[in-house]
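J.: attaching a predicted model along with its sequence, questions to come.
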Amino acid sequence: MEGDSRARICDTVGGGQAVIVANPAPMAYGVVATTARAINELKRRPAEQNVAVSVHDRSQWRELEPAVDLPPGALRSVVQLLRMRLTVLLPVGGTVPPPRWMAPALLDGRLAVFNGYWPALDWLWQRFPRLYGSSANVTGEPAVTSAAAAMAMFGADCVLAEADTETDDSDPRWSSTMVSLDATGRISLHRSGAQDQVCGAPAHDFIKELARTVGLRPAPKGTTP
C-alpha cells in the first residue's frame, strides 16, 4: 500500500471516522475506529450500540487484568485465544472498576475483546493503540468478504485499509468465532464463526479441543454463555 494511502487511512481514523479493514482468510472484513459511535454510524445502527475493543497494546493489558473476574493465570489463555483471532467475552468484576475505555465494549457484565493486529496492516495497529471494532456489514447483512463487496455495501467513497498481500476471495469467509469465559475460567461458544467453521467439528468438540489447547476447561455441553 502506498504511503499516501496509509496517511489518508490514518487521518481518517485519527479524525474519528471508521475504516474497513481486510483480515486474513478465513476471516471476513472488519470495521475499526477510535469510537463506537463511528462504527455504528457506518453500520447504520444505534450510535451507542456496544462493539468490541482490540487489545493489542501493553497499556491495555495492565488495565485489563485487575478489572476482569478470572482465575489466576487465565489471562495467559486469553492471550492465546486472541492470537487465534477469536473474539472473547470476559467477565468484568475484578478488584478495580473497569476503566472508561472499556465502556463501549461492555454488555451485561462482559467485556468483548479481540486483537485485530496482523503483519499486513501492522502500521495501522501500531499507530492507534486503542481501536474498537465490529464486522464490516450493514446491520442485518452478512459481513463483506472483498474490497468490491465493501464498496458495494458502504459506497464507493468508503475508506478501505486493504492488505499489502494477495488475498484469495474465492474461499468462504466468516466473522470471527466468539467465545465466552466465566468467572471460573470455563469456556463456551457464544457465536459460530470462522475458526469453528474451518474446524468442521461439532461445536462442543471444537470448544473441548480449544480449551485443551489454551489450558482452560470447557463449560458443560448445553451451557448458555
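T.: On my side now, so go ahead.

J.: what segments of the chain are helices?
T.: Remark: helices assigned in the chain by DSSP state H are 3-14, 36-43, 58-64, 74-83, 122-127, 147-154, 194-199, 203-214.

J.: mind pulling the model confidence for the closest residue to E63 other than its chain neighbours?
T.: Nearest residue to E63 in three dimensions, chain neighbours excluded: P99, at 5.0 Å (C-beta to C-beta, 6 or more residues apart in numbering). Glycine gets a C-beta too; all of them are placed from N, C-alpha and C. As predicted, P99 sits at a pLDDT of 94.

J.: and if you look at T167?
T.: In this model, T167 carries a pLDDT of 56.

J.: likewise for V19?
T.: For V19, pLDDT reads 97.

J.: partner residues bridging the most centrally placed residue in the chain?
T.: In the chain, the residue lying closest to the centroid (C-alpha atoms, centre = their mean) is F114, at 3.6 Å. Under DSSP bridges, the beta-bridge partners of F114 are S54.

J.: how close does it get to R217?
T.: F114 sits 22 Å away from R217, going by C-beta to C-beta, to the nearest Å.

J.: mind checking which of the helices of the chain is nearest P104?
T.: Closest of the helices of the chain to P104 is helix 36-43, at 3.7 Å (criterion: C-beta to C-beta).

J.: on contacts alone, who are the packing partners of that closest one?
T.: With contacts taken as 3 or more C-beta pairs under 8 Å, 6 or more residues apart in numbering; DSSP states H and E, helix 36-43 sits against strand 30-33, strand 131-135.

J.: now the ones you listed in TSV, with mean neighbour count?
T.: Below are the helices and strands packed on helix 36-43 laid out as TSV (neighbours: other C-beta atoms under 10 Å):
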stretch	mean neighbour count
strand 30-33	26
strand 131-135	26
